[in-house]
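**Q** what follows is a predicted protein model with its sequence.
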Amino acid sequence: MKIVLVTQYFFPENFKSNDIAFELVKRGHEVTVLTGLPNYPEGKIYNGYGFFKKHNEIINGVKVIRTLLIPRGKGGGIRLFLNYFSWAFFASIRAFFLAFQDKFDAVMVHEPSPITQGFPAIVIKKIQKIPLHFWVLDLWPESLTSAGGIKNKTVLSFFTRMVKYIYNNSDKILISSKGFKDSILTKGNYEDKLVYFPNWAEDSISKGNSNYPIPDLPHGFNILFAGNIGVAQDVNSIIKAALILKEKLDIHFVFVGDGRSKTELEDFVTANNLEQTVHFMGRFPIDAMKTFFNRADVLLVSLKDELIFNVTVPAKLQAYLCTQKPILGILNGEGAELIDEAKCGFSTNAGNSEGLAKEIVKLYKLTEEQRSILGQNGFRYFEENFTMTKCIDNLELILKN
């Protein structure tokens, strides 16, 4: 097949769009990616790219077409708005000419925020009269209201109409979480369009090198949190659990990553003398994650108590499952249900610091053999549901149908 993948984010940025494009090419398909200038997450255009250079390239057999955008900067509201809409505008213009330059069998949208990524794809769909497959990784307009965001009814109504327009023009709506279904159906009769298509773990984690050079982890029982240290992850509840367990010097909280809330957490650690049990390792490439996971005792996943997060399975959960380590969750809904279904660890309600502290002590008191059984349960669940091979097999069938 000849497929055009529309996404604001692509290599060298680290998103599932990379796996989709590269794997489909390996399987003999011809893939063109319409994307933007790489600037996530730092907010600056990557070295080697610019407004007047490197807009067209071939990466691992994938034809990549990059369009202009306003970089996201530090991620403030106005700057993100300009980033989202500038790319949608320039990409839609490029999509118009692309639709007359080449012929495709299908167009697919990879949609972590923003929803505006659907517009360039609709341009190609309407001109070429081909099916559009829209993969929802982030619900809109719910994403705008989460974590204390936008509440203005006029703004939300505008984006709701935008979402309906994109869903109306999609032939299939792929959902990364089964919990997305109810929200999407409130916006229209899309039952026949919905297809469950979950995330998967990157090969660098499931099959990668487990000897990547990393700093030594503390001696003792290590609870590892990896990824964005932000408001959505409700890391304040984690750090409060660390305060509850302050006297248990053998239990360590290890944070790998960066984010908006990291400085606040570091200040809390200093103010409460938690330096002996809370450790910030900094940011590392995705290739280092398998080594970190292997050297930890427990992997921690968290989400704030918001409607959108309660129906979301965080992508890191799939990565955690393939590491054969027990998983600890402080979250509600789909993520907590998955941990329970896989029998791979324990979870407590979002925001429940005392509950998290109790579950940590419970895991700490288990024998290594008991923790190993939890890890093996998670790995079996991963192999049955979340390998990249099985997910892309499914995607091929969806696209061909």
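**A** Received the coordinates, thanks.
**Q** which residues are in contact with stretch 156-172?
**A** For stretch 156-172, the external contacting residues (Cβ atoms under 8 Å, 6 or more residues apart in numbering) are 109, 115-116, 118-119, 122, 125-126, 131-134, 140-141, 144-145, 150, 173, 184, 187-188, 190, 193-195, 398. The way it works is simple: take the backbone N, C-alpha and C, and place the C-beta from them, glycine included.
**Q** so which of the residues you listed are in strands?
**A** Among the contacts of stretch 156-172, the ones falling in strands (DSSP state E) are Val109, Leu132, His133, Phe134, Ile173, Leu194, Val195.
**Q** which residues touch the second one?
**A** Think Leu132. Going by Cβ under 8 Å, 6+ apart, Leu132 touches Ala106, Val107, Met108, Val109, Ala121, Ile122, Lys125, Asn169, Ser170, Asp171, Lys172.
**Q** burial of the second one, as a residue count?
**A** Under the neighbour criterion other Cβ atoms under 10 Å, Val107 is assigned a count of 28.
**Q** got phi/psi on it?
**A** Dihedral angles of Val107 (phi, psi; degrees, to the nearest 10) stand at phi -120, psi 140.
**Q** what's the helix or strand for the closest residue to Ser353 other than its chain neighbours?
**A** Among residues not flanking Ser353 along the chain, Lys240 sits closest, at 3.8 Å (Cβ to Cβ, 6 or more residues apart in numbering). Lys240 is part of helix 235-244 when elements are defined by DSSP states H and E.
**Q** and Tyr212, how many neighbours?
**A** 17.
**Q** how much space between it and Pro285?
**A** Here the distance between Tyr212 and Pro285 works out to 8 Å (Cβ to Cβ, to the nearest Å).
**Q** not counting its neighbours along the chain, what's nearest the residue nearest in space to the middle of the chain?
**A** Nearest residue to the geometric centre of the chain (Cα atoms, centre = their mean): Ala315, 4.7 Å. What sits nearest to Ala315 in space, not counting adjacent residues and going by Cβ to Cβ, 6+ apart, is Asn199, at 4.6 Å.
**Q** so who does that neighbour touch?
**A** Asn199 makes contacts with Lys16, Leu137, Ser176, Val313, Ala315, Gln318, Phe386, Cys391, as judged by Cβ under 8 Å, 6+ apart.
**Q** quick check: the fifth one vs Leu37, distance?
**A** Pointing back at Ala315 there. Applying Cβ to Cβ, the value for Ala315 to Leu37 is 23 Å.
**Q** repeat for the first one
**A** In this structure, Lys16 and Leu37 are 19 Å apart, going by Cβ to Cβ.
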